[in-house]
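Engineer: quick one, what's the 3D model for this:
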Amino acid sequence: MSGGTGPARPGSARVQDGPLWSAGSLDASGNAYWAQSNVTLKTSQPLTALTLELRVAQTGGVQSTGNWRTLPAEDFTVTVRQEGGAVVYRWTLKPGRTVPAGQHVFAGQYNHAAGDREAGHDGYRVDAGGPRGALSVWGGFTPTR
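Structural biologist: Have a look, this model is predicted:
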């Protein structure tokens, strides 16, 4: 991702930057073999640029099974790849598109080795742009169960 410290260090977080707020959570629908990590964004102003990166640490058997967002699919370029010991989901807003003010969710879904999966090394980072200039937020994940 572009610049900043991002989710590289477990436990580091900056969940608000001006009009942009974020939170990471593990979806309650997960089970002993499958999970979903959600990143919720709230923005009080439209965004003209957005890159959201979700990193799911390879804790054994982690393999992407899909992803989604509450914003229109055609507004984003999405990539998923194995990178640096993690499955990395990246959503990038296409040029000329806008993220409206409001609450939006991005989710990565994945299989994992049997049992409870430790998400302490997972993280996300959001780099955005809007009327107030460049904004960045990042953090980790908390269980919802």
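Engineer: tell me who's in contact with Phe141.
Structural biologist: Contact partners of Phe141, counting by Cβ atoms under 8 Å, 6 or more residues apart in numbering, are Gly24, Ser25, Leu26, Ser37, Ala119, Asp122, Gly123, Tyr124. Backbone N, C-alpha and C define where each C-beta goes, glycine included.
Engineer: give me the neighbour count for the first one.
Structural biologist: Spelled out, that is Gly24. 22 (other Cβ atoms under 10 Å).
Engineer: OK, contacts around it?
Structural biologist: Ser37, Asn38, Val39, Thr40, Asp122, Gly123, Tyr124, Gly139, Gly140, Phe141, Thr142.
Engineer: thought the last one was touching Asp27?
Structural biologist: Going back to what we said before, that points to Thr142. No - taking contacts as Cβ atoms under 8 Å, Thr142 lies outside contact range of Asp27: 11.4 Å.
Engineer: more crowded one of those two?
Structural biologist: Per other Cβ under 10 Å, whichever of Thr142 and Asp27 has more neighbours is Asp27, with 17 against 10.
Engineer: wait, the more buried one sits on Ala35?
Structural biologist: Yes - the criterion here is Cβ under 8 Å, and Asp27 meets it with Ala35 at 7.1 Å.
Engineer: quick one: mean pLDDT over stretch 100-107.
Structural biologist: Mean per-residue pLDDT for stretch 100-107: 98.
Engineer: ditto for stretch 17-35
Structural biologist: In this model, stretch 17-35 carries a mean pLDDT of 95.
Engineer: same question for stretch 79-89.
Structural biologist: Across stretch 79-89, the average pLDDT comes to 97.
Engineer: just the buried residues of it, please?
Structural biologist: Within stretch 79-89, the residues that qualify as buried are Val80, Ala86, Val87, Val88, Tyr89, counting by 16 or more other Cβ atoms under 10 Å.
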